[in-house]
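Enquirer: What follows is a protein structure lacking sequence information:
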């Protein structure tokens, strides 16, 4: 998902790479208390990525946790412009005493056609004006800190080290923004990172443990982010407004935020937009209010209020605006289902789309049998017209692009409401964890079709057909050759993150093998326990793997050790090309490949 960019010139000032003239010169009130705090405080980190990261190492911000975000768009849909009054209000809690902190905000881009072109008018912290500037990211773990004056510490690359034309031996500070999918993935290695870090200095240090609010007012045109694989994501221009689908980092192309999966505040949306337009966001629709004429809207405006009590990961924030036909219904268990389609879609296509959209409740109930209770109070689908290159599991409001939806992908994206949305990956290198489980949902869909053809879920023949379908799907994947096994799922590059087998089919097959190892019942119980333990938060790879171990039917030390080997082979190993012996050598009972258990049922 990404595109092209032009270089943003940076200058060195006070040993920091900053853009000049980007914030008001607001002086802090320096009394004795402020002086004491300043001596014992420090700047928050400009990344949440661990040292050595090469997968969007520029994202996330330290020194605080994100609690709540109020989005208040003031949006002219005809002009595709955020107007005066447009702002976000972030409520955070300091985890250290902060002299400054940062947000992610790509306000300008080299993609002049579809990228953003916004400017910040003001930043207010706890009701008082704050200084702000934009700086380049520095590679995570830089011993010289976020203001390293060495330009080589602020360069892009697909991998670690940067390499590039100057053979830079340092880790990358950001992932490259490729202009299109035709250029070589490493063609921008060694180029300067754009200055997308909005660094805020409050008038007085923020004490550790205290909650604080940040209001960022900004205007201009939202846009898309150019990604490390040449595709784009973010705010796609539609004839009647904007269509938002943002994985992995495109939220920062329409709003400033802590742009990292593990940063999950709750959200409220209060969007004032051109009359006649519909606003779609996470959670539930609270109210719609018509407003009289104003300076920004001579013909009046409409304010839409949405509320998400559940925390939302940074790449799942939905806020589309356009000519959408929106309906709502309530299921017997109280879950509210929202369905929206762009009115520009032909009547015939809308009818076909609606037939698929109406399956969402049934799909949710089916997936609940595996994952446990649906984790949110609402679910929904929006079908937009822009030709975005992907569908996405936006939390409780799944997006389908290009005016089209199909059942296979609805199973996949709806599964994400548990995996990725409720239980989020701890970092981008964990993308395989949730995409693999969403791929399992597609396997289960085809097994369900086979089951129904054979007699239904309550018949022995149907149940046998269900199991046989899953075995067949695993065996087909396991025979893959060439480069299928050459990328470890836990160590992808940006160029292949959302196109490679290592993110989808390989971890999907691993989960099918794990289901055979644990048994279907234990596998589902493990998934449900993970939901209970990590729901509303995020999970690391060691935590994920440890959560399956107690469900081994043969709980010996040998079996626990073999399960650890299984995860290493399936998730963490890059094999030589070819398949055969160059692939995981542990599978599961009844599957192709070496069984997890020995002939006597043990693991020694």
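Expert: Received the coordinates, thanks. Note that the structure is a prediction, hence the values are computed from the model and not measured.
Enquirer: Shouldn't residue 366 be within a helix?
Expert: Yes. Counting by DSSP: H, G, I helix; E, B strand; the rest coil, residue 366 is found in a helix.
Enquirer: quick one: what helix or strand has the closest residue to it other than its chain neighbours in it?
Expert: Nearest residue to residue 366, sequence neighbours excluded (Cβ to Cβ, 6 or more residues apart in numbering): residue 448, at 7.0 Å. For the C-beta atoms, the positions are set from N, CA and C on the backbone; glycine is no exception. Counting by DSSP states H and E, the element that carries residue 448 is helix 431-454.
Enquirer: Give me the buried positions along that helix.
Expert: 431-448, 450-451, 454 (16 or more other Cβ atoms under 10 Å).
Enquirer: so the next helix or strand after it versus helix 431-454, what angle?
Expert: Using DSSP H and E, the helix or strand that directly follows helix 431-454 along the chain is helix 460-478. Relative orientation of helix 460-478 versus helix 431-454 (axes from the mean of the first three to the mean of the last three Cα atoms, to 10 degrees): 140 degrees.
Enquirer: other SSEs contacting helix 460-478?
Expert: Where contact means 3 or more Cβ pairs under 8 Å, 6 or more residues apart in numbering; DSSP states H and E, helix 460-478 is packed against helix 431-454, helix 505-518.
Enquirer: Export those to CSV and append columns for distance to residue 111 and mean pLDDT.
Expert: CSV is the format used below for these (distance: least, Cβ to Cβ, whole Å; pLDDT from 0 to 100):
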stretch, distance to residue 111, mean pLDDT
helix 431-454, 23, 98
helix 505-518, 31, 98
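Enquirer: Please name whichever of the ones you listed is nearest to residue 128.
Expert: Nearest of the helices and strands packed on helix 460-478 to residue 128, taken as Cβ to Cβ: helix 431-454 at 39.2 Å.
Enquirer: gap between that closest one and the chain center?
Expert: Counting by Cα atoms, centre = their mean, to the nearest Å, helix 431-454 is centred 21 Å from the centre of its parent chain.
Enquirer: Show me what it is packed against.
Expert: Using 3+ Cβ pairs under 8 Å, 6+ apart: helix 431-454 touches helix 360-371, helix 407-415, strand 423-425, helix 460-478, helix 505-518.
Enquirer: Can you tell me what sits against the third one?
Expert: Read it as strand 423-425. Around strand 423-425, the neighbours that count as contacts under Cβ atoms under 8 Å, 6 or more residues apart in numbering are 261-262, 264, 313, 431, 433-434, 530-531, 534-535, 537-539.
Enquirer: repeat for the first one
Expert: Around helix 360-371, the neighbours that count as contacts under Cβ under 8 Å, 6+ apart are 331, 335, 337, 339, 374, 379-381, 410-411, 414-415, 417-419, 441, 444, 448, 524, 527-528, 531.
Enquirer: now swap in the fourth one and tell me
Expert: Applying Cβ under 8 Å, 6+ apart, the set of residues contacting helix 460-478 from outside is 443-444, 446-457, 505-506, 508-509, 512-513, 515, 583, 587, 590-593.
Enquirer: circling back: buried ones among the contacts of helix 360-371?
Expert: For the contacts of helix 360-371, a burial check counting by 16+ other Cβ under 10 Å picks out 335, 337, 339, 374, 379-381, 410-411, 414-415, 417-419, 441, 444, 448, 524, 527-528, 531.
Enquirer: Next, the contact list for residue 441, please.
Expert: By Cβ under 8 Å, 6+ apart, the residues touching residue 441 are 367, 411, 412, 414, 415.
Enquirer: Revised request: answer the last question for residue 299.
Expert: Residue 299 makes contact with 274, 275, 293 under the criterion Cβ under 8 Å, 6+ apart.
Enquirer: Can you give me the pLDDT of it?
Expert: Residue 299 is assigned a predicted lDDT (pLDDT) of 96.
Enquirer: for the one 4 residues further on, same thing?
Expert: Taken from the predicted model, the pLDDT recorded for residue 303 is 98.
Enquirer: So which residues of the stretch 201-350 of the chain form helices?
Expert: Residue ranges of the helices in the stretch 201-350 of the chain, as given by DSSP state H, counting those that start in this stretch, are 347-357.
Enquirer: Number of residues surrounding the closest residue to residue 428 other than its chain neighbours?
Expert: Once flanking residues are discounted, residue 428 sits nearest to residue 55: 4.4 Å by Cβ to Cβ, 6+ apart. Close neighbours of residue 55, defined as other Cβ atoms under 10 Å, add up to 23.
Enquirer: and residue 55, which of the three is it?
Expert: Strictly by three-state DSSP, residue 55 counts as coil.
Enquirer: Verify the stated contact: it with residue 429.
Expert: Yes. At 5.5 Å, residue 55 and residue 429 qualify as touching, with contact defined as Cβ atoms under 8 Å.
Enquirer: joint contacts of the two?
Expert: Common neighbours of residue 55 and residue 429 (Cβ under 8 Å, 6+ apart) are residue 492.
Enquirer: In a helix, residue 566, correct?
Expert: Yes. Counting by three-state DSSP, residue 566 is located in a helix.
Enquirer: who touches it in this structure?
Expert: In this structure, residue 566 makes contact with 510, 513, 514, 517, 584, 586, 596, judged by Cβ under 8 Å, 6+ apart.
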